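Chemist: here is my input; please provide its structure:
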Amino acid sequence: MVRYKAVISYDGTLFSGFQRQPEERTVQEELEKTLLRLNSGRPVRVHGAGRTDSGVHAYGQVIHFDLPQARDVEKLRFALDTQGPEDLDIVSIEEVTDEFHSRYTKHSKTYEFLVDNGQPKNPMMRNYATYYPYHLEMRPMQEAIGDLVGTHDFSGFTASGTAVENKVRTITRAELEVDEKTGFLVFTFSGNGFLYKQVRNMVGTLLKIGNGRLPVSQIKTVLESKDRNLAGPTAAGNGLYLKEIIYED
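Modeler: The predicted structure follows:
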């Protein structure tokens, strides 16, 4: 068997997330359907680096899969790209060793979250940026977002009922900027891993801080208390992008 690593991008609007689900359209299922055709009707299991939720997009999701024989990587990329759905793109493919695993090989992830705070909103971007119709102050959000950097227990920023026991993660980058062309707010987070809905919950909290309904110190309060009830609401998934995954050499 030969193992391949691929970088993929997708428009998450019409996907029910990455992971295969019964009677739902998912990224994993579409990839496996295409690989089934390319592998003469023999099933191919696709493994992803992360399980993006329904409506969430990706520029740089990473997958791996095994095929029984070596293929020309560009021909394989082209075949997957052209025979798969239009809202899913194969950016690159390379052959890797059997030790590589897209999920378990040590890596860091970067997510972006776009917020449309315009008056009125941009209807063309309704599936690609979360609309927030209330007044926002940048300075409190930019001050508060820095409190997320470091190694913390992020229990207060994950969805209730998650099965993950260890909720300690390290965030190496947490920034907020305004895109000069669109005027959208761009939240960027990099780290060694993220819990279920963690990014969306952090953004929801920061937006309430920017709107003056929570104090700048609320990020610290949530981290210290580990209480999900003290954080803001979960921001909609349509503004979230898995931007990049970097593996250690």
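Chemist: how does this protein divide into domains?
Modeler: 2-96, 110-247 (automatic domain parsing).
Chemist: and the longest one, how far from the chain's centre?
Modeler: Which is domain 110-247. Here the centre of domain 110-247 is set off from its chain's centre by 12 Å, with Cα atoms, centre = their mean, to the nearest Å.
Chemist: returning to what we had before: so which of the domains of the chain gets nearest residue 104?
Modeler: domain 2-96 (9.0 Å; Cβ to Cβ). Any C-beta I mention is one placed from the backbone N, CA and C, and that applies to glycine too.
Chemist: which residues in the chain form strands?
Modeler: 2-10, 47-48, 57-67, 88-96, 107-116, 130-131, 150-153, 168-178, 185-191, 240-247 (DSSP state E).
Chemist: pipe the ones you listed into a markdown table and attach mean pLDDT, mean neighbour count and distance to residue 142 per row.
Modeler: Converted to a markdown table, the strands of the chain look like this (pLDDT from 0 to 100; neighbours: other Cβ atoms under 10 Å; distance: least, Cβ to Cβ, whole Å):
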| stretch | mean pLDDT | mean neighbour count | distance to residue 142 |
| --- | --- | --- | --- |
| strand 2-10 | 98 | 20 | 29 |
| strand 47-48 | 98 | 18 | 32 |
| strand 57-67 | 98 | 21 | 24 |
| strand 88-96 | 97 | 17 | 32 |
| strand 107-116 | 98 | 21 | 13 |
| strand 130-131 | 97 | 20 | 18 |
| strand 150-153 | 97 | 15 | 17 |
| strand 168-178 | 97 | 16 | 5 |
| strand 185-191 | 98 | 21 | 10 |
| strand 240-247 | 97 | 20 | 20 |
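Chemist: switch those over to CSV; also include distance to residue 73.
Modeler: Compiled in CSV, those are given as follows (distance: least, Cβ to Cβ, whole Å):
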stretch, distance to residue 73
strand 2-10, 7
strand 47-48, 18
strand 57-67, 11
strand 88-96, 5
strand 107-116, 21
strand 130-131, 36
strand 150-153, 37
strand 168-178, 31
strand 185-191, 28
strand 240-247, 17
